[in-house]
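K.L.:
Next input, structure requested:
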Amino acid sequence: MTYVELQEALLVFGIGERASRGEIRARHRHLVKKYHPDAGAEPDHDRISKINAAYRVLLDYIESYRFSFAEDEFYEQNTDERLRRQFMDDPLWGNSMGTRHHEEE
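P.N.:
All right, here's what the predicted structure looks like:
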């Protein structure tokens, strides 16, 4: 697989640079249903073939991708945790806010 093939697959699916396996799977299902002859549309076997080929490229890429378990990658993937960690010591947003909220009740 080349980077150009990967970009073409992303274009066929209409997704950006980041997508989860679930998002790719859901997009594939949506596109196949949309262009399937049983959907009432004109049969477009060429388009369905392109969709399935793009799906295989994306799955191959995901399967061979090396996941990073580095701390910076963890916080990049988990924005809520990154924000919590970034602001946890801030009196307005951090742990003291939760304590203050309980005191007011």
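K.L.:
separation between Met88 and Asn78?
P.N.:
Using Cβ to Cβ, to the nearest Å, Met88 is found at 14 Å from Asn78. Every C-beta, even on glycine, is put in place using the N, C-alpha and C of the backbone.
K.L.:
what do you get for Ser20?
P.N.:
When Ser20 is compared with Asn78 (using Cβ to Cβ), they lie 13 Å apart.
K.L.:
Quick check: can you list the domain ranges of this protein?
P.N.:
In terms of domains, the chain is parsed into 1-65, 69-105 (source: automatic domain parsing).
K.L.:
Now render those domains as a markdown table, adding mean pLDDT and mean neighbour count.
P.N.:
Shown next, in a markdown table, are these (pLDDT from 0 to 100; neighbours: other Cβ atoms under 10 Å):
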| stretch | mean pLDDT | mean neighbour count |
| --- | --- | --- |
| domain 1-65 | 89 | 13 |
| domain 69-105 | 70 | 11 |
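K.L.:
Now for the residue nearest to the spatial centre of the chain: which residues touch it?
P.N.:
The residue lying closest to the centre of the chain (Cα atoms, centre = their mean) is Ala19, at 2.1 Å. Ala19 makes contact with Phe13, Arg27, according to Cβ atoms under 8 Å, 6 or more residues apart in numbering.
K.L.:
Next, work out how far apart it and Phe87 are.
P.N.:
Between Ala19 and Phe87 the distance is 28 Å, computed by Cβ to Cβ.
K.L.:
ditto for Leu59
P.N.:
Using Cβ to Cβ, Leu59 is found at 37 Å from Phe87.
K.L.:
One more: Asn52?
P.N.:
45 Å.
K.L.:
that older thread, kindly list the main-chain dihedrals of the residue nearest to the centre of the chain?
P.N.:
Recorded main-chain torsions at Ala19 are phi -160, psi 150, according to degrees, to the nearest 10.
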